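>>> give me the fold of what follows.
(one chain, ligands or ions: 1)
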Amino acid sequence: MKLDKIEHIGIAVKDIGEASEFYQDVLGCQVSQEMDVPERKLKIAFIDVSGVKLEFLMPTDDDSVVSKHIEKRGEGIHHICFQVDDVEKAAAELAEKGAELVDRPRMGAEGKKIVFIKPKSTHGVLIELRQR
Ligand code: CO
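Okay, here's the model as predicted:
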């Protein structure tokens, strides 16, 4: 197992338009086009800060997992995503070592394979692994 780098940090927001406006107008960031991820009941957008991205996650439905996160903890950091060489291999290795995965590796919004590790296993951080 080797983590390449932080690929992005996921931030749960209530209103992606308002969040984008703040990061654009106040912090001077360039925000990407909003994307719909209907299968996760999310709208997402990215900011790139010299290669480290922020991923805004806005729930589009009350039963989205991000809605539950916002209900419990409010807006803020939702997950950290690390880039790895091979998500399938990483998932197999994690399972073998007793780490709990949220689900099987699957295709992410940007057409790259991803998998999530439960915060229970990582000392409180939801970790996403993303194929290089
Ligand atoms: Co992510």
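
>>> give me the neighbour count for residue 23.
20 (other Cβ atoms under 10 Å). Quick note: C-beta positions are derived from backbone N, CA and C, even for glycine.

>>> contacts only, for it.
Applying Cβ atoms under 8 Å, 6 or more residues apart in numbering to residue 23 gives the contacts 29, 31, 47, 54.

>>> any of those buried? List them.
31, 47, 54 (16 or more other Cβ atoms under 10 Å).

>>> does the last one really touch residue 12, like I thought?
No: when contacts are counted by Cβ atoms under 8 Å, residue 54 is not listed as touching residue 12 (11.4 Å).

>>> picking that back up, between the contacts of residue 23, which sits nearest residue 19?
Nearest to residue 19 among the contacts of residue 23 is residue 31, at 8.5 Å by Cβ to Cβ.

>>> wait, that closest one sits on residue 47?
Yes: the criterion here is Cβ under 8 Å, and residue 31 meets it with residue 47 at 5.5 Å.

>>> just to revisit the earlier point, out of the buried ones among the contacts of residue 23, which sit inside strands?
Among these, the ones falling in strands (DSSP state E) are 47, 54.

>>> possible to save the buried ones among the contacts of residue 23 as JSON lines with pLDDT and distance to the ion?
Below are these laid out as JSON lines (pLDDT from 0 to 100; distance: Cβ to the ion, whole Å):
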{"residue": "31", "pLDDT": "96", "distance to the ion": "16"}
{"residue": "47", "pLDDT": "96", "distance to the ion": "13"}
{"residue": "54", "pLDDT": "97", "distance to the ion": "10"}
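
>>> how about the strands in this structure?
5-12, 35-37, 42-49, 52-59, 76-84, 106-107, 113-117, 127-131.

>>> for the spatially most central residue of the chain, give its distance to the ion.
Among the residues of the chain, the one closest to the centroid is residue 10, at 4.1 Å (Cα atoms, centre = their mean). Residue 10 sits 4 Å away from the ion, going by Cβ to the ion, to the nearest Å.

>>> check contacts around that residue.
Residue 10 neighbours (Cβ under 8 Å, 6+ apart): 54, 55, 57, 77, 78, 79, 80, 81, 126, 128.
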